[in-house]
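1. structural data only, the sequence is not supplied:
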């Protein structure tokens, strides 16, 4: 029996306009050498501002994520290693149209990291196979 999760919310139908300058965005694809786990992902960027806007795919687009300021479900992402909370999980507007940002919080109120989630999954597997 296969486990089926919720259907993912769609990616943007078109590139968003830049929130800084209002100009249209351009679609790019991340390099295969990307070390943040985003190799080959399509994304929108404002070329004049050199500003990343949003990934153009369904990864992290769980409709149960919190709504952004646009009223649509957000996208869950992982921050890069060089950020204030390295590999921190957070939500952003999945359409790239508003400045929504919310950290994913753990039970103690701290921002969750990818390592925290991996540790939880390992502990769940250990309990599952111990039954």
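-> That came through fine. No experiment lies behind these values; they were computed from the predicted model shown.

2. what residue is smack in the middle of the protein?
-> Residue closest to the average C-alpha location in the chain (CA atoms, centre = their mean): residue 77, at 2.3 Å.

3. is it in a helix, a strand, or coil?
-> Three-state assignment for residue 77 (DSSP: H, G, I helix; E, B strand; the rest coil): strand.

4. what sits against it?
-> Taking CB atoms under 8 Å, 6 or more residues apart in numbering, we find residue 77 in contact with 55, 60, 89, 90, 91, 92. In this view, the C-beta of every residue, glycine as well, is placed from N, C-alpha and C.

5. for ChimeraX, write a command that selects the buried ones of the residues you listed.
-> Applying 16 or more other CB atoms under 10 Å to the contacts of residue 77, the buried members can be selected in ChimeraX as follows:
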select :55,60,89,90,91,92
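
6. could you find which two of the contacts of residue 77 are furthest from each other?
-> 55 and 89 (14.7 Å; CB to CB).

7. checking my notes, residue 60 in a helix, right?
-> No: going by three-state DSSP, the assignment for residue 60 is coil, not a helix.

8. test my guess that it contacts residue 76.
-> Yes: using CB atoms under 8 Å, residue 60 is in contact with residue 76, at 4.0 Å.

9. quick one: the strands in this structure?
-> 26-29, 42-46, 51-55, 74-78, 89-93, 101-103 (DSSP state E).

10. make a markdown table out of the ones you listed and add mean pLDDT and distance to residue 109.
-> A markdown table is the format used below for those (pLDDT from 0 to 100; distance: least, CB to CB, whole Å):
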| stretch | mean pLDDT | distance to residue 109 |
| --- | --- | --- |
| strand 26-29 | 97 | 36 |
| strand 42-46 | 97 | 31 |
| strand 51-55 | 95 | 27 |
| strand 74-78 | 93 | 18 |
| strand 89-93 | 94 | 14 |
| strand 101-103 | 95 | 10 |
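
11. make TSV out of the ones you listed and add distance to residue 11.
-> Listed next are those as TSV, based on distance: least, CB to CB, whole Å:
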stretch	distance to residue 11
strand 26-29	11
strand 42-46	8
strand 51-55	8
strand 74-78	9
strand 89-93	12
strand 101-103	19
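
12. among those, which is nearest residue 111?
-> strand 101-103 (4.0 Å).
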